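> next input, structure requested:
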Amino acid sequence: MPESAANDDSRQTVVFFDGVCGLCNHTVNFLLNIDRRGVLRFAPLQGKTAEQIVPQAVREKLDTFVVCQNGRLFYRSTAFVRIMMQLGICWRIAGGVFWLIPWPLRDLAYRLVSRIRYRLFGRHETCRLPTPDERSRFLD
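Model (predicted):
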């Protein structure tokens, strides 16, 4: 893990997202709003941090969120459940409910949305740039 990420507390969760995907950017904005404790960090899959941590095949395909916790990578619906478990009691309960759904079914729904996300939410020419207030939450 890059030094900037490794220096934060061990509970840090790094969310890697497709920086040009409209749905992914909306999701990052939503997570920034509800993560009042600031436990989540963000980095685009197209960035330098992802290049060091996320396998090349995943970075090239750009079809999933990737979450890194304690040096382990999680993908698709499991990544979202991991995110939810970091966000307070209501979100932790929701994550627990989603966790009860078998992962093949969760991932099937995830893949269906992933296939049509550009058509529904658009695609940007460049990665999302954090505002000055958000800059400390982004690794790239």
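> residues touching residue 65, list them.
15, 16, 17, 24, 27, 75, 76, 79, 80, 83 (CB atoms under 8 Å, 6 or more residues apart in numbering). C-betas here are computed from N, CA, C, even on glycine.
> in which helix or strand would I find the residue nearest the centre of the chain?
Taking CA atoms, centre = their mean, the centroid of the chain lies closest to residue 15, which sits 3.2 Å from it. Remark: residue 15 resides in strand 13-17, with elements defined by DSSP states H and E.
> what packs against whichever helix or strand comes after that strand?
Next in sequence after strand 13-17, counting helices and strands by DSSP H and E, comes helix 22-34. Judged by 3 or more CB pairs under 8 Å, 6 or more residues apart in numbering; DSSP states H and E, the packing partners of helix 22-34 are strand 13-17, strand 40-44, helix 103-121.
> helix 22-34: how far from the chain's middle?
9 Å (CA atoms, centre = their mean, to the nearest Å).
> what angle do it and helix 103-121 make?
Interaxial angle, helix 22-34 versus helix 103-121 (axes from the mean of the first three to the mean of the last three CA atoms, to 10 degrees): 110 degrees.
> hey, C-alpha coordinates of helix 22-34 in PDB?
What follows is helix 22-34 as a C-alpha-only set of coordinates in PDB (Å, rounded to 0.1, in the frame of the first residue of the first chain):
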ATOM      1  CA  GLY A  22     -21.200   8.900 -13.600                       C
ATOM      2  CA  LEU A  23     -22.700   6.300 -11.300                       C
ATOM      3  CA  CYS A  24     -19.400   5.800  -9.600                       C
ATOM      4  CA  ASN A  25     -19.000   9.500  -9.100                       C
ATOM      5  CA  HIS A  26     -22.500   9.800  -7.600                       C
ATOM      6  CA  THR A  27     -21.700   6.900  -5.300                       C
ATOM      7  CA  VAL A  28     -18.500   8.600  -4.100                       C
ATOM      8  CA  ASN A  29     -20.400  11.800  -3.500                       C
ATOM      9  CA  PHE A  30     -23.000   9.900  -1.500                       C
ATOM     10  CA  LEU A  31     -20.300   8.100   0.500                       C
ATOM     11  CA  LEU A  32     -18.500  11.400   1.300                       C
ATOM     12  CA  ASN A  33     -21.800  12.800   2.600                       C
ATOM     13  CA  ILE A  34     -22.600   9.900   4.900                       C
END
